[in-house]
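Novice: pasted the sequence and its predicted model underneath.
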Amino acid sequence: MIAPLQDALTERGYDTLTDVQTACSNPDLEGKDLLVSAQTGSGKTVGFGLAIAPTLLGDAVHMGRAEAPVALVIAPTRELALQVKRELTWLYAKTGAWIASCVGGMDMREERRALSRGAHIVVGTPGRLRDHIERGSLQMDQLKAVVLDEADEMLDLGFREDLEFMLGEAPEDRRTLMFSATVSPMIAKLAKNFQNDAERISTVSGKEQHADITYQAVRVAQQDAEHGIINILRYHEAEKAIVFANTRAAVNRLTARFSNRGFAVVSLSGELSQNERTHALQAMRDGRARVCVATDVAARGIDLPKLELVIHADLPTNTEALLHRSGRTGRAGQKGISALVVTPKIAKKAERLLKWAKLKAEWVEAPSAEEIMRKDEERLLTDPVWTEETSDEQKEFSAKLLELHTPETIAAAYLKLYQSRKSAPEELADPNSRPERKERKERAPFGPSTWFSVSAGRKDRAEARWLLPLVCRAGDITKDSIGAIRVQEKETFVELAQPAVAGFLDKVGDGGELEEGMTIRKLDKAPDLERGGPRGPKPGGGKPFRGRDDSAPRGEYKGKPKRDFDDRKPKSDYKPRREDDKPREKPHVKKSGKAVWGGDAQAAEAEFRKPRERNDDAEKPASKGPRKEGGKPFVKSDRKPDGKPDGKRPGKPGGKPGDKPFSKGPGGKPGGKPFAKGPGGKPSGKPKGKPGAASSSKRLGPPRKGGDARPTRKK
């Protein structure tokens, strides 16, 4: 290993390397393309940093001035790209390497200036990197190594075209290193097209999935889902924790809830700008915030040191999301806890999700308030502050306290101050018990009553929900004094208990106004309500309902009575059809001409519409003229079937009234368009109209001399 990188690892506290780091730094793999599959949190960033170091440095230990980038690292998300930049910065700090980032959401002008000043390694997201390449601000001709981090995620996000473009722009003799959690067929195809005999490295086969993470399925009652999350945070008191939700609305709600309970919390979702997301992550790294509420946008690429707890407020949508969420903890050999909050409705779904992910989870109940208080006492008694040396000032102040108060009083005050800085735990219901249903109270009989009529009904959009408080306010009565409210078409009937009638009339009066334009009057008897029943009229005044027979047992339906076949009309009463009787046909109108088959069109249409009487003894009408074989006589007509002139010239579709008729050809038949006249008034043989216009007539033979060119037709 190169000395500057070895020193950086030692200062960072790396006593031993992980499996993927050891495999990537193998001297036998120098100069080769690599296809590496490793688990989330296995130290891939340091791994490919060690792998490309011999290619970038060679025998030197210090990099010279950067004329153009010599290494390009592509990551799927902004957070992952910035995380990779931070890791490579401390790893290559002693080599003098300059590292620049190009990610979406940041100022592109600053990135161009950083690239123009010179950078040895460029880290970025696919879209922004391609933009710099197309604008010419990122030079690719001196690249020695290209790294694709989380290649499977980039393909899932639709960056295949951008990746192929950038790999195509890079020199052919560069090294290509692909890192992915799984090697899918798309990854294998990409490696085959852009890698040369890549060495396959896998560090996931012989190891249990997320061995350093303890999975817990925490049962809570349906109404205590958010209370359970608060108790989990209080019980573990993790230095850093992430709570995952599926929607932005849930993130905002949980963030406000935790903030009100005294937690130092930040949020992370897609609606935030890149600057806001960067500040939120920095607050977690600095210790100013201890809880981060995030959507799945934060599941990949976030590496928060000393992250001990991951809580799934909402279940992930698939196993990949579960693994990547949980992979934020238990990284690089550290231990972590991944807790799924499970309500009774989603218990089966949680079981299937864990089974498909091949994970074993411990099913527990959410910590109770008593357990949290005992945990606080345990943490207080084992706090390192008891073993630390005290200064002279602290001893003097302790002596003053002992002079004023007894040791018991001082200890009790210290405990109160300690607990005041913590959020109070929640009292949780038993997750296995079903919520008790409130017994429905039977309403007592309403008793004697009097009906009133309000001058507003359905046509005035009257509704019982706003008439009830209106009547109560006007008559200074309570809703218990009002019985039924029946909204009719033009008025509404209101039932008042008899004891409240006198006070109501004194307050409003008979025919008094409830509000402007709406009056109420007392009725002498119960109104005739427009209510439909099993055999009553419909509200609209239609036929009676043909529903259940009141005399039949409940549930038995007597529908429409079956038809008695003996009541049918006997067959002998029907007149038999005449053997030679044929159905009439609508007259056929020829579209190409003005003639119809079967006489004048108007008369034929009238005859067709006229009802026919059956008279077998009547004689058939004689035909109006000679018939063609198999048809009706041919009659020329220039009228439509409805009897109105069409106003068009014969033979010309779309003509205008008043146009001249077509010139007739041989035999008196209509010809094409009239020819333009030449000198002397004779036709010139050229049809009128635009050049190249087609003529309906056919000319045979050369035109005659003198411009007389009569068209002839084939007979």
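Specialist: Perfect, I can see it now. Numbering: from 1, shown residues only.

Novice: could I get the full set of strands for the stretch 451-600 of the chain?
Specialist: Here the stretch 451-600 of the chain has its strands, by DSSP state E, counting those that start in this stretch, at 482-487, 492-497, 512-515, 518-522, 596-597.

Novice: show me what the second one is packed up against.
Specialist: In terms of contact count using 3 or more CB pairs under 8 Å, 6 or more residues apart in numbering; DSSP states H and E, strand 492-497 is assigned the packing partners strand 449-454, helix 464-475, strand 482-487. (C-beta placed from N, C-alpha, C; glycine too.)

Novice: which residues are in contact with that strand?
Specialist: Contact partners of strand 492-497, identified using CB atoms under 8 Å, 6 or more residues apart in numbering, comprise 446-454, 456-457, 462, 464, 467, 471, 477, 480-486, 504, 520, 523, 527, 529.

Novice: need the contact list for the residue sitting nearest the centre point of the chain.
Specialist: Geometric centre of the chain, nearest residue: Thr247, 10.8 Å, by CA atoms, centre = their mean. Residues in contact with Thr247 (CB under 8 Å, 6+ apart) are 295, 314.

Novice: on that earlier part again, can you put the helices and strands packed on strand 492-497 in CSV and add distance to Leu272, mean neighbour count and mean pLDDT?
Specialist: Output for these, formatted as CSV (distance: least, CB to CB, whole Å; neighbours: other CB atoms under 10 Å; pLDDT from 0 to 100):
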stretch, distance to Leu272, mean neighbour count, mean pLDDT
strand 449-454, 54, 20, 91
helix 464-475, 42, 15, 89
strand 482-487, 50, 17, 91
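
Novice: of all those, which one comes closest to Leu323?
Specialist: Checking the helices and strands packed on strand 492-497 against Leu323 by CB to CB gives helix 464-475 as the closest, at 51.2 Å.

Novice: now the closest one, how far from the centre of its chain.
Specialist: Its chain's C-alpha centre and that of helix 464-475 lie 43 Å apart, by CA atoms, centre = their mean, to the nearest Å.

Novice: which one is Asp197 nearest to, not counting chain neighbours?
Specialist: Of all residues not flanking Asp197 in the chain, Asp33 sits nearest, at 6.9 Å (CB to CB, 6 or more residues apart in numbering).

Novice: got it, and Glu111?
Specialist: Nearest non-adjacent residue to Glu111, counting by CB to CB, 6+ apart: Cys102, 5.0 Å away.

Novice: tell me, how many residues neighbour the one you found?
Specialist: Neighbour count for Cys102, taken as other CB atoms under 10 Å: 28.

Novice: from what I see, it and Gly124 are in contact.
Specialist: Yes - here Cys102 reaches Gly124: they are 3.4 Å apart, a contact under CB atoms under 8 Å.

Novice: tell me, what's touching those two both at once?
Specialist: Residues touching both Cys102 and Gly124 by CB under 8 Å, 6+ apart: His132.

Novice: so what does Ile99 have for phi and psi?
Specialist: Main-chain dihedrals, Ile99, degrees, to the nearest 10: phi -120, psi 130.

Novice: which residue ranges form the helices in the stretch 401-550 of the chain?
Specialist: 407-420, 464-475, 498-508 (DSSP state H, counting those that start in this stretch).

Novice: ok, back up a step: and the residue nearest to Asp197, how many residues sit next to it?
Specialist: By other CB under 10 Å, 19 other residues sit near Asp33.

Novice: which ones are touching it?
Specialist: 175-177, 195-199.

Novice: could you look up the SS state of Val36?
Specialist: In three-state terms, and counting by DSSP: H, G, I helix; E, B strand; the rest coil, Val36 is strand.

Novice: returning to what we had before: can you check the pLDDT for the residue nearest to the centre of the chain?
Specialist: Model confidence at Thr247, given as pLDDT, is 90.

Novice: kindly report the same for Ser695.
Specialist: For Ser695, the predicted pLDDT is 44.

Novice: same check, this time on Met140
Specialist: pLDDT, Met140: 90.

Novice: again with Leu50
Specialist: The per-residue pLDDT reported for Leu50 equals 89.

Novice: test my guess that it contacts Gln21.
Specialist: Yes - applying CB under 8 Å, one finds Leu50 in contact with Gln21, separated by 6.2 Å.

Novice: can you get me a residue count around Ala60?
Specialist: Applying other CB under 10 Å, we find 11 residues neighbouring Ala60.

Novice: contacts for stretch 367-384?
Specialist: So stretch 367-384 is contacted by 231-232, 234-235, 237, 415, 418-419, 422, 425-428 (CB under 8 Å, 6+ apart).

Novice: and the least confident of these?
Specialist: Minimum pLDDT across these is recorded for Gln419, with 81.

Novice: contacts only, for that one.
Specialist: Taking CB under 8 Å, 6+ apart as the test, what Gln419 contacts is Asp376.

Novice: repeat for Thr182
Specialist: By CB under 8 Å, 6+ apart, the contact list for Thr182 reads 37, 152.

Novice: whichever of the contacts of Asp33 end up buried, select them in ChimeraX.
Specialist: If you want just the buried ones from these in ChimeraX, going by 16 or more other CB atoms under 10 Å, the selection is:
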select :175,176,177,195,198
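
Novice: can I get the contacts of Asp33 in CSV including secondary structure?
Specialist: Listed next are the contacts of Asp33 as CSV, based on three-state DSSP:
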residue, secondary structure
Arg175, strand
Thr176, strand
Leu177, strand
Gln195, coil
Asn196, coil
Asp197, coil
Ala198, coil
Glu199, strand
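
Novice: any idea which of the helices and strands packed on strand 492-497 gets closest to Ser326?
Specialist: Proximity to Ser326, assessed across the helices and strands packed on strand 492-497 by CB to CB, is greatest for helix 464-475 (49.6 Å).

Novice: by how many degrees do that closest one and strand 482-487 diverge?
Specialist: Angle, helix 464-475 to strand 482-487, by axes from the mean of the first three to the mean of the last three CA atoms, to 10 degrees: 130 degrees.

Novice: start the count at 32, not 1, going forward
Specialist: Okay, residue one is now 32; in that scheme the one you just asked about reads as helix 495-506.

Novice: which other helices and strands contact helix 495-506?
Specialist: strand 513-518, strand 523-528, helix 529-539, strand 543-546.

Novice: residues in contact with it?
Specialist: Applying CB under 8 Å, 6+ apart, the contact partners of helix 495-506 are 485, 487, 508-510, 513, 516, 518, 523, 525, 531, 534-535, 538-539, 543, 545-546, 551.

Novice: again, only this time at 10 Å
Specialist: 483, 485, 487, 493, 508-513, 515-518, 523, 525, 527, 531-532, 534-539, 543-546, 549, 551 (CB atoms under 10 Å, 6 or more residues apart in numbering).

Novice: are any of those buried, and which?
Specialist: Buried members of the contacts of helix 495-506, scored by 16+ other CB under 10 Å, are 483, 485, 487, 493, 508, 512-513, 516-518, 523, 525, 527, 531-532, 535-536, 539, 545, 549, 551.

Novice: quick check, Val153 in a strand?
Specialist: Yes - with three-state DSSP as the criterion, Val153 is part of a strand.

Novice: in stretch 184-194, what counts as buried?
Specialist: For stretch 184-194, by 16+ other CB under 10 Å, it's 184-186, 188, 190, 193-194.
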